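In: how would this look folded up:
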Amino acid sequence: MFYLLLLAFAVICLVWSLPAGLLAWLLPPSVGRPLGQRAISAGFRLYIGMLKGSGLLRCDMSALDTLRDEQGIVIAANHPSLLDAVLLVSRLPHAVCIAKASIGRNILLGGGMRLAGYVLNDAPLPMIRNAAEAVRAGRQLVIFPEGTRTPKDAVDLCPGPFSRSFAVMALQAQAPIQTILIECESDYLRKGVSLFRKPKLPLRYKLRLGRRFPAAGDAQALSREVEVYLRSHLSRPASP
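Out: Next comes the predicted model:
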């Protein structure tokens, strides 16, 4: 069942990515981007529902429901696993993510990302500009300030050093930063752990709303303040 659902996720992504890539060329951004964002959220929600229905995943994401329709915010979360973005976007149908440029060229995800207007991290200045524009347009920018996942040998979920780019984006858009604390018991899909290594099941996740930071001051100080906050609240991961 575990491997069948991995295959199902790939099929869901591929079935949408191919027509989405075409729609990205045909539809104006004002139509295509909201459609793409909702479609990715629905696909991820379907996959999470399959994991939960099969008993392979137990997660509490109810805290995200209060953000569902909120406009113009930056959502900054720690990044323990590859499943983090899937969990977040499954509950946020207006989300735009910062993604690696290599993922944007991936046949499974690239078309959907282009249609949804996801921001690629291949060039810092365009990335910051495009992300700030998306937030000003009312989107929810999902970003992992660490820039990488928690390593497999880490003893806790305390995040690594932050890039200040997320703070620059928030300041340019004059948008608040809402922190999300992702807690999980397994090291599955951490940095250095293979996608195909079957973990101890069920996987357990809990997502909590953290403190909200106003877009004020300079980027370095704001980034540091958010980093200190997440470090202090993730030093001992709690069970869902």
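
In: give me the neighbour count for the closest residue to residue 233 other than its chain neighbours.
Out: Residue nearest to residue 233 in three dimensions, not counting chain neighbours: residue 181, with 5.8 Å by CB to CB, 6 or more residues apart in numbering. For the C-beta atoms, the positions are set from N, CA and C on the backbone; glycine is no exception. The number of residues packed near residue 181 is 21, by other CB atoms under 10 Å.

In: assumed residue 181 was part of a strand.
Out: Yes. Assessed by DSSP: H, G, I helix; E, B strand; the rest coil, residue 181 belongs to a strand.

In: pretty sure it contacts residue 230?
Out: Yes. Counting by CB atoms under 8 Å, residue 181 does reach residue 230; the two are 7.0 Å apart.

In: hang on, residue 210 in a helix?
Out: No. Using three-state DSSP, the secondary structure at residue 210 is strand, not a helix.

In: which helix or strand in the chain has the lowest average pLDDT?
Out: Using mean pLDDT, DSSP states H and E, the weakest-scoring helix or strand in the chain turns out to be helix 101-104, at a mean of 84.

In: show residues contacting the very next helix or strand once past that helix.
Out: Following helix 101-104 in sequence order, the next helix or strand is helix 110-116 (DSSP states H and E). With contacts defined as CB atoms under 8 Å, 6 or more residues apart in numbering, helix 110-116 is touched by 13, 16-24, 27, 32-33, 35-37, 39-40, 43, 96-97, 99, 103-104.

In: again with stretch 93-106
Out: With CB under 8 Å, 6+ apart as the contact definition, stretch 93-106 has outside contacts at 34, 37-38, 41-42, 68-69, 71, 75, 85, 88-89, 109-110, 113-114, 116-122, 127, 131, 134, 138-144.
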